[in-house]
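> based on what follows, work out the 3D shape:
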Amino acid sequence: MNHKVQEHVQKGDKFVDDGKYEEALLYYEEALTLEPNEPDLLNKKGVALRSLGRYDEAIECFNKSLKISPRDLDAS
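Numbers count the residues shown, from 1 in each chain. So this is what the prediction gives:
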C-alpha cells in the first residue's frame with residue numbers, strides 16, 4: 001500500500017474509532033480509488049457501511065473482498 005493510501009486509511013480508522021462512519025467511509029473510498037482491489041480496504045469500507053445500516057452495500061464490499069482473496073480471514 002502506498003503512502004497516500006495509508007494516510008487515507010489512518011484517517012478513516014480514526015473516524016471509525018470516534019464513531020463517525022460517514023467521514024470514515026469518505027476516506028476509505030478515496031483510498032479505494034488508488035487501490036481498488038485491496039481486500040483490506042474493501043473490508044474497512046464494508047465495516048463502515050454496516051455501521052451505517054447500509055447492509056446491502058456492506059455485503060457487496062465483503063463479497064468483493066472474498067473474490068479477490070478467498071482466504072481473507074478478516075472478511076466479515
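> following the helix or strand hosting residue 12 in sequence, what is the next regular element?
Residue 12 is part of helix 3-17, with elements assigned from DSSP states H and E. Where DSSP H and E defines the elements, the next helix or strand beyond helix 3-17 is helix 21-34.
> and the angle from the helix or strand following that next one to helix 21-34?
Downstream of helix 21-34, the first helix or strand assigned by DSSP H and E is helix 39-51. Orientation check (axes from the mean of the first three to the mean of the last three CA atoms, to 10 degrees): helix 39-51 against helix 21-34 gives 150 degrees.
> and helix 39-51, how far out from the chain middle?
Distance of helix 39-51 from the chain centroid (CA atoms, centre = their mean, to the nearest Å) equals 3 Å.
> contact partners of it?
The contact list for helix 39-51, computed with CB atoms under 8 Å, 6 or more residues apart in numbering, reads 5, 9, 12-13, 16, 21, 24-25, 28-29, 31-32, 35, 55, 57-62, 64-66, 68-69, 72, 74-76. For the C-beta atoms, the positions are set from N, CA and C on the backbone; glycine is no exception.
> low-confidence ranges, this protein, go.
The chain contains residues with pLDDT under 70 at 71-76.
> what's the helix holding residue 12 in contact with?
Everything outside helix 3-17 that qualifies as a contact, by CB under 8 Å, 6+ apart, is 1, 21, 23-28, 30-31, 34-35, 38, 41, 44, 47-48, 51.
> ok, now with 10 Å
For helix 3-17, the external contacting residues (CB atoms under 10 Å, 6 or more residues apart in numbering) are 1, 20-35, 38, 40-41, 44-45, 47-48, 51.
> perfect, that will be all.
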